[in-house]
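Participant: sequence unknown, structure follows:
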């Protein structure tokens with residue numbers, strides 16, 4: 001029996017013991033002590049507790065049993081042994097049921113609209129923050145945690161679990177971690193990875209690199225380009241998590257592309273010289289009117305609005 005299965009059965013036994021009713025301060029202290037021994041204990045307990053609650057909800061929906069015509073006499077106390085045995089059997093059954101449910105669980109879909117970001121908490125303890133116009137699917141199994149980033153950008157705060165790697169499939173790239181904080185962006189056939197804390201392994205078509213804090217990688221069909229960013233650059237690239245678009249002397253064409261990710265109205269720049277102008281500052285990503293007005297005032301540019309386009313020129 002593997003370590004993960006042993007922990008699953010221990011967690012199930014704790015749940016069954018708590019549910020029997022003979023639960024007091026001593027038992028609560030013992031459970032807390034077991035939970036504090038390892039992160040894997042807490043992850044397994046929370047996962048099984050979620051399934052336990054789901055089973056309770058299903059029981060609540062079941063029709064009530066018909067009342068018996070007469071009350072049965074109380075069972076002798078010798079049946080306490082069998083109740084305890086049944087509790088242990090339930091614990092083992094719950095562990096098996098959890099593994100079965102988690103193995104066969106259909107991926108959960110999470111998505112954001114244009115200009116929206118939100119954070120979701122997964123049952124195993126990880127948290128994912130989705131940026132604008134992002135869609136991903138997550139499936140938590142007993143031996144592996146899988147996420148498919150279909151489009152957009154997301155920041156992952158992964159709960160440590162050495163028995164279950166956290167794997168992200170994003171276009172041409174595959175990212176594997178055990179517990180760390182990082183972002184992944186997928187756009188137009190390219191994938192970028194930025195690590196805020198910990199280490200991640202990035203694979204693309206047989207090539208592999210390991211990134212640590214402040215490390216970044218850009219992936220496309222041509223391979224993997226690895227580099228480091230400064231703490232200031234890191235804050236700028238993750239500013240969207242606080243609802244800010246931070247531009248650090250960025251070419252106007254690139255800044256326009258960033259604003260266009262968040263808005264229906266798109267900034268269009270035809271003049272290469274205008275596109276190369278460097279801009280900086282911190283902006284609300286959905287305030288495209290405020291940004292283009294600043295271009296008019298600060299750079300003497302023209303912003304002509306025509307339907308869903310804002311044409312920037314001299």
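Facilitator: Sure, I can see it. A quick note: this is a predicted structure, and the numbers were derived from the prediction, not measured.
Participant: residues touching residue 3, list them.
Facilitator: Shown in contact with residue 3 (C-beta atoms under 8 Å, 6 or more residues apart in numbering): 40, 163. For the C-beta atoms, the positions are set from N, CA and C on the backbone; glycine is no exception.
Participant: redo that, cut-off 7 Å
Facilitator: Applying C-beta atoms under 7 Å, 6 or more residues apart in numbering to residue 3 gives the contacts residue 163.
Participant: Provide the backbone phi and psi angles at residue 204.
Facilitator: Backbone dihedrals for residue 204, given as degrees, to the nearest 10, come out at phi -150, psi 110.
Participant: dump the residue contacts of it.
Facilitator: By C-beta under 7 Å, 6+ apart, the contact set of residue 204 is 172-173, 219, 223-224.
Participant: quick check, nearest of those to residue 149?
Facilitator: residue 173 (9.1 Å; C-beta to C-beta).
Participant: give me the beta-bridge partners of the closest one?
Facilitator: Assessed by DSSP bridges, residue 173 has beta-bridge partners residue 170.
Participant: where along the stretch 151-300 of the chain do the helices fall?
Facilitator: Secondary structure of the stretch 151-300 of the chain (DSSP state H, counting those that start in this stretch): helices located at 231-237, 252-260, 272-275, 288-299.
Participant: is it possible to get a markdown table of these that adds distance to residue 119, mean neighbour count and mean pLDDT?
Facilitator: Shown next, in a markdown table, are the helices of the stretch 151-300 of the chain (distance: least, C-beta to C-beta, whole Å; neighbours: other C-beta atoms under 10 Å; pLDDT from 0 to 100):
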| stretch | distance to residue 119 | mean neighbour count | mean pLDDT |
| --- | --- | --- | --- |
| helix 231-237 | 18 | 15 | 93 |
| helix 252-260 | 21 | 18 | 97 |
| helix 272-275 | 34 | 12 | 97 |
| helix 288-299 | 24 | 15 | 93 |
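Participant: just the buried residues of the contacts of residue 204.
Facilitator: Those of those that meet the buried threshold are 172-173, 219, 224, by 16 or more other C-beta atoms under 10 Å.
Participant: just put the residues you listed in JSON lines and tack on pLDDT and distance to residue 107.
Facilitator: Converted to JSON lines, those look like this (pLDDT from 0 to 100; distance: C-beta to C-beta, whole Å):
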{"residue": "172", "pLDDT": "91", "distance to residue 107": "20"}
{"residue": "173", "pLDDT": "94", "distance to residue 107": "18"}
{"residue": "219", "pLDDT": "95", "distance to residue 107": "22"}
{"residue": "224", "pLDDT": "95", "distance to residue 107": "26"}
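Participant: closest to residue 40 among those residues?
Facilitator: Of all the buried ones among the contacts of residue 204, residue 173 has the smallest distance to residue 40: 27.6 Å, by C-beta to C-beta.
Participant: so where's the stretch 51-200 of the chain uncertain?
Facilitator: Applying pLDDT under 70 to the stretch 51-200 of the chain flags residues 51-105.
Participant: what about the strands in it?
Facilitator: 108-111, 118-121, 127-130, 135-140, 145-157, 166-170, 173-177, 181-187, 190-197, 200-204 (DSSP state E, counting those that start in this stretch).
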